[in-house]
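Colleague: here are the coordinates; sequence isn't available:
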């Protein structure tokens, strides 16, 4: 088993959020830190996936400029 490098940090959270995380950890027989780490990773993944990359949006804008009349015809 490989040991992951960990970095300590300090923060604050609403008591109900911490209680819910502790409850999840206990019900799954997992450590609180593992559940918190998973929640943070899920949040990061969602944030990164929800924002289109700049080059994708630039291509989309270019496509709109180039094919605007075609798109309007297709939408009828």
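Modeller: Done, it's in. Since the model is a prediction, treat every value here as computed from it, not as a measurement.

Colleague: how about low-confidence regions in this structure?
Modeller: 1-3, 50 (pLDDT under 70).

Colleague: if you count residues, which helix in it comes out on top?
Modeller: helix 54-74 (DSSP state H).

Colleague: That one: how far from the chain's middle?
Modeller: Distance, stretch centre to chain centre, for helix 54-74: 27 Å (CA atoms, centre = their mean, to the nearest Å).

Colleague: centroid residue for this protein?
Modeller: residue 46 (1.9 Å; CA atoms, centre = their mean).

Colleague: Against residue 32, how distant is that residue?
Modeller: Separation of residue 46 from residue 32 (CB to CB, to the nearest Å): 21 Å. Heads up, the C-betas are built off the backbone N, CA and C, glycines and all.

Colleague: same thing with residue 41?
Modeller: 15 Å.

Colleague: Comparing those two, which residue is more hemmed in?
Modeller: Neighbour count, other CB atoms under 10 Å: between residue 41 and residue 32, residue 32 has more, with 13 against 10.

Colleague: neighbours around the residue nearest to that one when sequence neighbours are not counted, how many?
Modeller: Spatial nearest neighbour of residue 32, excluding adjacent residues (CB to CB, 6 or more residues apart in numbering): residue 25 at 4.6 Å. For residue 25, the count of nearby residues is 17 (other CB under 10 Å).

Colleague: and residue 25, what helix or strand is that in?
Modeller: Here residue 25 sits within helix 15-28, counting by DSSP states H and E.

Colleague: what are the phi and psi values for residue 6?
Modeller: phi -120, psi 150 (degrees, to the nearest 10).

Colleague: For it, grab the count of nearby residues.
Modeller: If you count neighbours by other CB under 10 Å, residue 6 ends up with 8.

Colleague: With residue 64 instead?
Modeller: 10.

Colleague: Before I go, just wanted to say thanks for your time.
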